[in-house]
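S.K.: quick one, structure for this:
(one chain, ligands or ions: 1)
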Amino acid sequence: MFVPMVDLVAEYRRLREPIQKAIERVLESGRFILGPNVEALEAEIAAYINTRYAIGVASGTDALRLALMAVGVGQEDEVITTPFTFIATAEAISHLGAVPVFVDIDPRTYNLDPGQIRAKISKKTKAILPVHLYGQPADMDPILDLAREFGLKVIEDCAQAFGAEYKGKKVGSLGDAGALSFFPSKNLGGYGDGGMVLTNDEEVAARVRQLRDHGSEQKYVHVRLGFNSRLDELQAAILRVKLAEVDQNRRLRIEKAAEYNQRLAGKAVTPYKADFALHVYNQYTVRVRGRRSEIQEALRAKGIATAVHYPIPVHKQQVYRGLNYADEDLPESLAASQQVLSLPIFPDMTLEQIAYVCQSLEEWL
Ligand SMILES: Cc1ncc(COP(=O)(O)O)c(C=O)c1O
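M.R.: Numbering: from 1, shown residues only. Okay, the predicted model is just below:
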């Protein structure tokens, strides 16, 4: 049996007709950049997440970068974030001339440990950037409390957590701004790159709208230094088709995770779900103590794909060596990077596939 990490082809085959029609309509319209589909998708996602504004941009990385810029993060500001994330989170901070300040994770949720943030707040701290890793919300209330106490901005990295909820509220609606990624493997993924900034703040929304389009207020009138970071009509049209089934897919992912949990109980360290969380399982990540690459190899030999998100925490990446973090500074992030293993999960996954993955894993263990 072959079990990929995600099966985007199976999904496409199921949605072939509406997607082909949506693409055809865009091609026939002759409008490819910031047209009616982008506008409609922005309105639909703002309504879904429950924010006043949603602004389509070229990627999740740009969504983070533009959101940080729009809330005023700049040269030499410090932004507190997690080192246990995809590099883009820190990259977005560094590209503004700001400095990522890493705080360790809660080893159960793999998200920022709010209890360790206060000690890292300095006069230069401008914002906190929690990541809702694997689809589980970070513990936002203590983060928002600290932000209020110290006058900091909060930007949520929701790249892996479309549709996740914290105490009944969708992530992306809790901080000053949220960043979505439409990378194909995300819970709402396009057929290429794309992203979106979410906010309730009219000024932040207006700034992001300018920044994504060369800093322009209106065509050929440029009020600030901006970028070319726009969402394509084709991607928006495809994403609108997929948005219609995002809740069903969220339910299917939760069901697959429950099936895994039941089968692996007592045999592997299954994902912990916090009480406050509606976890949407963009990744189903277990923890193994040692011999991870051997497990991966054994599963690969049986046709099962696995992945490690992420094998090197950001503070140990070559690009961030200059920040001089020692191993003992962020021990939980380092331990997680050595032990996590993501198993295949996607809405179209069959129960037989899950059983096969679990059996194969059990045999090895
Ligand atoms: C946590 C996290 N942040 C940011 C990004 C960047 O998103 P994109 O690839 O759309 O630029 C990703 C995914 O790729 C991610 O997983």
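S.K.: what average pLDDT does stretch 351-359 get?
M.R.: The average pLDDT for stretch 351-359 rounds to 98.
S.K.: again with stretch 276-294
M.R.: Averaging pLDDT along stretch 276-294 gives 95.
S.K.: low-scoring stretches of the chain, by residue?
M.R.: Within the chain, not a single segment meets pLDDT under 70.
S.K.: so which residue of it comes closest to the ligand?
M.R.: Residue nearest to the ligand within the chain (CB to the nearest ligand atom): Gly60, separated by 2.5 Å. The C-beta positions use only the backbone N, C-alpha and C, and glycine is treated the same way.
S.K.: which residues touch the spatially closest residue to that residue that is not a sequence neighbour?
M.R.: Spatial nearest neighbour of Gly60, chain neighbours left out: Ser181 (2.5 Å); criterion: CB to CB, 6 or more residues apart in numbering. Residues near Ser181 by CB atoms under 8 Å, 6 or more residues apart in numbering: Ser59, Gly60, Thr61, Ala63, Cys158, Ala159, Gln160, Gly194, Gly195.
S.K.: go on, Leu211?
M.R.: Neighbours of Leu211 in contact, by CB under 8 Å, 6+ apart: Leu66, Met69, Ala70, Arg224, Gly226, Phe227, Ser229.
S.K.: run a quick neighbour tally on the last one.
M.R.: Read it as Ser229. For Ser229, the neighbour count with other CB atoms under 10 Å is 22.
S.K.: does it touch Thr61 like I think?
M.R.: No: contact between Ser229 and Thr61 fails when scored by CB atoms under 8 Å: they sit 9.5 Å apart.
S.K.: Val204: which element?
M.R.: Val204 belongs to helix 202-211 when assigned by DSSP states H and E.
S.K.: give the buried residues for that helix.
M.R.: Applying a neighbour-count criterion of 16 or more other CB atoms under 10 Å, the buried positions in helix 202-211 are Val204, Ala205, Arg207, Val208, Arg209, Gln210, Leu211.
S.K.: ok, back up a step: pick out the most distant pair among the contacts of Leu211.
M.R.: Taking CB to CB, the two most distant members of the contacts of Leu211 are Arg224 and Ser229; they sit 13.3 Å apart.
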